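Visitor: The following comprises the amino acid sequence and a computationally predicted model.
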Amino acid sequence: MTGAETVVLREMRWWDIDPVLELERELFPEDAWSRGMFWSELAHARGPGATRRYVVAQEGDRIVGYAGLATAGAAQDGTPPAGQDAAPDGEGSGVGADIQTIAVTRDHWGTGLGTRLLTDLLRAATAFECSEVLLECRVDNVRAQKLYERFGFETIGVRRGYYQPGNVDALVMRLTDPSTPPTAPDRSVNGVQGTENHG
């Protein structure tokens, strides 16, 4: 059986980089991340000063999706980054986060896996005490836009020619309260990627 119900989400580790790279190159051949980019992200994903959350979706022995979030610096214990004061009202550090990547194999599109991955990242943003989450999304990726809008993301700008080499514009989208769940489940949107560093 293929579907989100047979898939387990878990923390991405270094041994996942090769299968993730295969999927990355399949889904995003023009602007795929390099091995070094994933290593760099994972280097900031563990320990008391962690500023990243990367997760893989595994079905049996196969990686069928992955996602990543970067924050400006608050550790999961709420400690603000160097040079930044904690919020005086105790409402969190005011740190923002960026959805770096979300990807799902084509045979898992429409199963709700993209929703599960995004939900995991927003839970991490809440744990990092982030007050907002930003992302970039290709203007031609309507599936992704609908997923993000369902979670409450709003378009706040456009980055012209952001995705290279195709010179595709990116919508900049923002969610102001990552702790608020989407209004209703919708299993129709998956296979998404919108990132600050890559598409």
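Guide: Cool, the structure landed. Numbers count the residues shown, from 1 in each chain.
Visitor: Report all helices and strands that whatever helix or strand residue 18 lives in contacts.
Guide: Element membership for residue 18 (DSSP states H and E) is helix 17-27. The contact analysis (3 or more Cβ pairs under 8 Å, 6 or more residues apart in numbering; DSSP states H and E) places helix 17-27 against helix 35-42, strand 62-71, strand 95-104. Any C-beta I mention is one placed from the backbone N, CA and C, and that applies to glycine too.
Visitor: Name the residues that touch the shortest one?
Guide: The contact list for helix 35-42, computed with Cβ atoms under 8 Å, 6 or more residues apart in numbering, reads 12-14, 17, 20-21, 52, 54, 68, 70, 100, 197-198.
Visitor: Write the PyMOL selection for whichever of those are buried.
Guide: Those of the contacts of helix 35-42 that count as buried under 16 or more other Cβ atoms under 10 Å are selected in PyMOL with:
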select buried, resi 12+17+20+21+52+54+68+70+100+198
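Visitor: between the contacts of helix 35-42, which is nearest residue 154?
Guide: Nearest to residue 154, judged by Cβ to Cβ, of the contacts of helix 35-42 is residue 100 at 19.3 Å.
Visitor: follow-up on the earlier one: can you tell me which of the helices and strands packed on helix 17-27 is most buried?
Guide: strand 95-104 (a mean of 26; mean count of other Cβ atoms under 10 Å).
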